[in-house]
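Peer 1: need the 3D shape of this:
(chains A and B)
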Amino acid sequence: MKTQKFSPTPYLFLAPAIILLFIFNLFPAVATFQQSLFAESARRGADPIFVRFENFMRIFQDPVFWKSAKVTLLFSLITNPMQTVLALGLALIATQKVKGIGIFRSIYLLPVAVSINVAVVVWGLMVDTNAGLINGMLNQIGLPEQAFLTSPDQALYTIIMIISWKGIPYWALFFIAAVQGIPVSAIEAALIDGANKWQLLTRIIIPILRPIILFVLVADTIINFTLFVPIQLLTQGGPQLSSNLVMYETYRRGFIYGDLGSSSVMLTIMFIVILIVIGIQNLLLRERN
Amino acid sequence: MLVLAACGPKSEEPVDNAPEAAEDVTITWLRLAEWNEADPKIIETFEAEHPGIKVEVEEIPFSELVSQINLRFGADDDSIDVISADVPLVSSYGYKGWLLPLDDAFTAEEKADWLPAALDAGTYDGQLMAAPVSTSTQLLYYNADAFDAAGVTPPGQDERWTWSQVIDAAQQLQVVGDDDTVETWGFQWEQTTAAYQLLPLMGSLGGDYIGEGGLVVDGVVNSEPWVEAATFYYDVFNTYKVAPQGDAVNGPDLFVNGNLAMLIAGPWQISNFAENAEFDWNVSRHPYFEGGEVATSTGSWHLGVNSLTKHPEEAKAFVRWLSTGEGAEMWWRDGSHDFPAQQSVLAMFATSEEFNEVPMSFNRVAADEATQGPIPRPVTVGYLEYDQIFRDTFQDIRIGTDPVEALGTMVDRLVSEFAKYE
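Peer 2: As a prediction, the model looks like this:
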């Protein structure tokens, strides 16, 4: 048996990335957790007080936190599967070889090129209850006007619609690349064996795309757990906390009220939840070797 | 410490003792962005009278000023020397040790010139923590031409309408165009969702603004007077629909453009309307509920010095200049136009001839109104949260949330936030 000689070269190549990872990812995560165990001292100059898990206990008994946790759960359960499925569907349509498909692809990719801030502001004007374009159109065709962002029953769904307008074509880009990479021979073989379109999709295409579906689902989950811009620009969590995602509540506690203890607790909880969700998704969609 | 204290200036004596440095000292004043049209000559005059001190201004919109101070002072930021502090927050800043006591910067005479309530509000734990610059009240401004056109008799200058009179008139004054869009609104509040502006609704019905010790809200915020006041507020926007639900154009601009018949706003709008409104307008008193009490808004801006400032003497000199005498008067005339907190400046309204004529005479009305049932905003360490959550709650009611449900959520949210103070 030959022992391999230790060579520092690969580690040197990896070092810059790992150092940056430590500085920008690992260190803030640890610092956040550490901060969640302290209470800011009320008086300037005094050190923060170590309170163990008191901040956690407080947050666990906090109805506003639980309400925003529920909103976040509902939001994620709808948004992530919906965006993934529709993005896949869009990719399958966009990879059809028909005349004019190039024009279709350019049009549906437009939202990807629009900055999220701009998109959100424009959508905000369009769904304005009193003067918005969409209510104007509903009015024209004789349908009742909608409250959209001003109703506790509709605000969250309106936001889901707005971010999906941009999110679906974005994730479809990944699927298009993957669909185009499916070997033609595999599809032809299935067709020769008499597979119909549904069987082709479920038995050939989806299994081949499994890793990319996993990637999209995981990345989409993380992005949507940390969604902030549309909430800040459109509803600030309202009305009646109906769009108050945990990320926004975290921001509100930390940056409006200056309550860094609560804010770090929520971030830590969210970090753990994201890890668990991603773990489950990994288990479910892992390639069966 | 004792030695230092003994060497400090005696409280009676000269206080403008900012050392003349070889190089200019620059102090930074964090203030409201809404004051960006303040005449630069105010600061230039101070600088001319105090060689060696330069004043730089950093401006933040009202909605963010309070949280900015919270964050930056919380993080021991020493880049700000002087802050404009909304008065209900002074005691919490004092409690946190964020402000430098200012007692040695003022003579007893200067202190006695401030309105006693304003001096009290700037004092924490027996020490002057922030110097009163302004106080405030609210007036009912109305477009007299619109009243004429609608054939409605406006309220007299010293008459106080009930809220139902206001709504009756607003309904008659509202002008709706052919395509169902409102051309002239009946009524609006200047700070449409702010605790400062809306608390007198609850006050007029005998409601408390906060419970025992400044941290109890259940049984207060959802009490009968609050529900009644919030229901009235809901009706203004959703039942009578005499006020706009959106903020596309704010109340003062609507008023100036002739698209609003009545507006409740501070006396700081007098000079704005005098300059910009091209129609006949007048003022009356703040409304109240029939059978209820007269309750009005009060309180305004104080000036505090960051306890971490590197230039305490220069900062104090500036605070003193702007909150007393010539500086205070300049700041009222050409700065914020906020109502002055100095009795000597206020006295001008009654005596000086320049206030005999409209519109300057409206300041006289305001000076009297400031003494009619003023109720300060609640004193609580959690005022920042109170103010923000109040705003969210009334914004929700304004766009159609049931008032009882909204006040219930307000209680939950305040209880959540106040838990950390207990």
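
Peer 1: wait, doesn't A:Val121 sit right on A:Val229?
Peer 2: No. Using C-beta atoms under 8 Å, A:Val121 makes no contact with A:Val229, being 10.0 Å away. (Glycine included, C-beta is placed from N, CA and C.)

Peer 1: chain B: strands as residue ranges?
Peer 2: With strands called from DSSP state E, chain B shows them at B:25-32, B:53-60, B:82-86, B:123-124, B:127-128, B:130-132, B:134-135, B:139-143, B:175-176, B:182-189, B:260-265, B:281-284, B:301-305, B:339-340.

Peer 1: swap that for chain A, please
Peer 2: Secondary structure of chain A (DSSP E): strands at A:38-39, A:49-50.

Peer 1: name the nearest residue to A:Ile278, ignoring sequence neighbours.
Peer 2: Leaving aside its chain neighbours, A:Ile278 sits nearest to A:Val218 (5.3 Å; criterion: C-beta to C-beta, 6 or more residues apart in numbering or on different chains).

Peer 1: tell me the contacts of that neighbour?
Peer 2: Listed by C-beta atoms under 8 Å, 6 or more residues apart in numbering or on different chains, the contact partners of A:Val218 are A:278, A:281-282.

Peer 1: any idea what sits nearest B:Trp114, other than its immediate chain neighbours?
Peer 2: With C-beta to C-beta, 6+ apart as the measure, B:Pro132 is the residue that lies nearest to B:Trp114, at 4.7 Å, once sequence neighbours are left out.

Peer 1: mind checking how far the one you found is from A:Trp165?
Peer 2: Computed as C-beta to C-beta, to the nearest Å, the B:Pro132 to A:Trp165 distance reads 51 Å.

Peer 1: more neighbours, these two?
Peer 2: Under the criterion of other C-beta atoms under 10 Å in any protein chain shown, the comparison of B:Pro132 against A:Trp165 puts B:Pro132 first, with 31 against 14.

Peer 1: pretty sure the more buried one is touching B:Ala341, no?
Peer 2: Yes. With contact defined as C-beta under 8 Å, B:Pro132 counts as touching B:Ala341 (3.8 Å).

Peer 1: list residues touching both of the two?
Peer 2: By C-beta under 8 Å, 6+ apart, B:Pro132 and B:Ala341 have these common neighbours: B:114-115, B:118, B:323.

Peer 1: out of those residues, which two sit at the greatest distance?
Peer 2: Greatest spacing in the shared contacts of B:Pro132 and B:Ala341, by C-beta to C-beta: B:Leu115 and B:Ser323 (11.9 Å).

Peer 1: show me which of those two is the more surrounded one.
Peer 2: B:Ser323 (29 against 21).

Peer 1: find the nearest non-adjacent residue to the more buried one, please.
Peer 2: Leaving aside its sequence neighbours, B:Ser323 is closest to B:Ala131 (3.9 Å, by C-beta to C-beta, 6+ apart).

Peer 1: reformat the strands of chain A as CSV; add mean neighbour count, mean pLDDT and distance to B:Thr409.
Peer 2: Written out in CSV, the entries for the strands of chain A read as follows (neighbours: other C-beta atoms under 10 Å in any protein chain shown; pLDDT from 0 to 100; distance: least, C-beta to C-beta, whole Å):
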stretch, mean neighbour count, mean pLDDT, distance to B:Thr409
strand A:38-39, 18, 84, 26
strand A:49-50, 12, 85, 31
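
Peer 1: could you dump those strands to CSV with distance to chain B?
Peer 2: Formatted as CSV, the strands of chain A follow (distance: least, C-beta to the nearest C-beta, whole Å):
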stretch, distance to chain B
strand A:38-39, 8
strand A:49-50, 12
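
Peer 1: who wins for proximity to B:Gly156 among the ones you listed?
Peer 2: Go through the strands of chain A one by one with C-beta to C-beta and the one that ends up closest to B:Gly156 is strand A:38-39, at 55.6 Å.

Peer 1: contact partners for the spatially most central residue of chain B?
Peer 2: Within chain B, one residue has its C-alpha closest to the average C-alpha position: by C-alpha atoms, centre = their mean, that is B:Ser300, at 3.8 Å. Applying C-beta under 8 Å, 6+ apart, one finds that B:Ser300 lies in contact with B:86-87, B:133-136, B:338-339, B:341.

Peer 1: mind putting those into JSON lines with neighbour count and distance to chain A?
Peer 2: As requested, these are arranged in JSON lines below (neighbours: other C-beta atoms under 10 Å in any protein chain shown; distance: C-beta to the nearest C-beta, whole Å):
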{"residue": "B:Asp86", "neighbour count": "21", "distance to chain A": "15"}
{"residue": "B:Val87", "neighbour count": "28", "distance to chain A": "19"}
{"residue": "B:Val133", "neighbour count": "30", "distance to chain A": "23"}
{"residue": "B:Ser134", "neighbour count": "29", "distance to chain A": "25"}
{"residue": "B:Thr135", "neighbour count": "25", "distance to chain A": "27"}
{"residue": "B:Ser136", "neighbour count": "21", "distance to chain A": "24"}
{"residue": "B:Asp338", "neighbour count": "19", "distance to chain A": "25"}
{"residue": "B:Phe339", "neighbour count": "26", "distance to chain A": "29"}
{"residue": "B:Ala341", "neighbour count": "29", "distance to chain A": "27"}
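
Peer 1: what separates stretch B:376-385 from the chain centre, distance-wise?
Peer 2: Computed by C-alpha atoms, centre = their mean, to the nearest Å, the chain-centroid distance of stretch B:376-385 equals 14 Å.

Peer 1: now swap in stretch A:205-225 and tell me
Peer 2: Stretch A:205-225 has its average C-alpha position 11 Å from the chain's average C-alpha position, going by C-alpha atoms, centre = their mean.

Peer 1: next, the buried residues of it.
Peer 2: Of the residues in stretch A:205-225, those buried by neighbour count under the rule 16 or more other C-beta atoms under 10 Å in any protein chain shown are A:205, A:208-209, A:212-221, A:223-225.

Peer 1: which pLDDT does the model give the closest residue to A:Ser76 other than its chain neighbours?
Peer 2: In this structure, A:Ser76 finds its nearest non-sequential neighbour in A:Asn224, 5.9 Å apart by C-beta to C-beta, 6+ apart. At A:Asn224 the predicted local confidence, pLDDT, stands at 93.

Peer 1: with adjacent residues omitted, what lies nearest to B:Met202?
Peer 2: Distance criterion C-beta to C-beta, 6+ apart; nearest residue to B:Met202, sequence neighbours excluded, is B:Ala229 at 4.6 Å.

Peer 1: mind listing what the one you found touches?
Peer 2: Counting by C-beta under 8 Å, 6+ apart, B:Ala229 makes contact with B:198, B:201-202, B:204-205, B:207.

Peer 1: alongside chain A, which residues does the stretch 201-350 of chain B contribute?
Peer 2: Counting by C-beta under 8 Å from any C-beta of the partner chain, the residues of the stretch 201-350 of chain B lying close to chain A are B:245-246, B:248, B:307-308.

Peer 1: buried subset of these as a PyMOL selection?
Peer 2: To isolate in PyMOL the members of those that are buried, counting by 16+ other C-beta under 10 Å, one can use:
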select buried, chain B and resi 245+307+308
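
Peer 1: save the residues of the stretch 201-350 of chain B next to chain A as TSV, and put in pLDDT too.
Peer 2: What follows is these, written out as TSV (pLDDT from 0 to 100):
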residue	pLDDT
B:Gln245	89
B:Gly246	83
B:Ala248	78
B:Ser307	95
B:Leu308	94
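
Peer 1: and the pLDDT at B:Ala170?
Peer 2: At B:Ala170, the pLDDT recorded in the model is 97.

Peer 1: typo on my end, it should be A:Leu109
Peer 2: 87.

Peer 1: wait, A:Leu227 sits on A:Ile163?
Peer 2: Yes. Between A:Leu227 and A:Ile163 there is a contact at 6.8 Å, judged by C-beta under 8 Å.

Peer 1: ok, the residue nearest to B:Ser323 - how many residues close by?
Peer 2: 29.

Peer 1: same deal with A:Gln140?
Peer 2: Summarising burial for A:Gln140: neighbours were counted as other C-beta under 10 Å, giving 8.

Peer 1: OK, contacts around residue 81?
Peer 2: Defaulting to chain A. A:Leu217 are the contacts of A:Pro81 under C-beta under 8 Å, 6+ apart.

Peer 1: right idea, wrong chain: chain B
Peer 2: Contacts of B:Asp81 were listed using C-beta under 8 Å, 6+ apart, and they are B:27-29, B:305-306, B:309-311, B:314-315, B:318.
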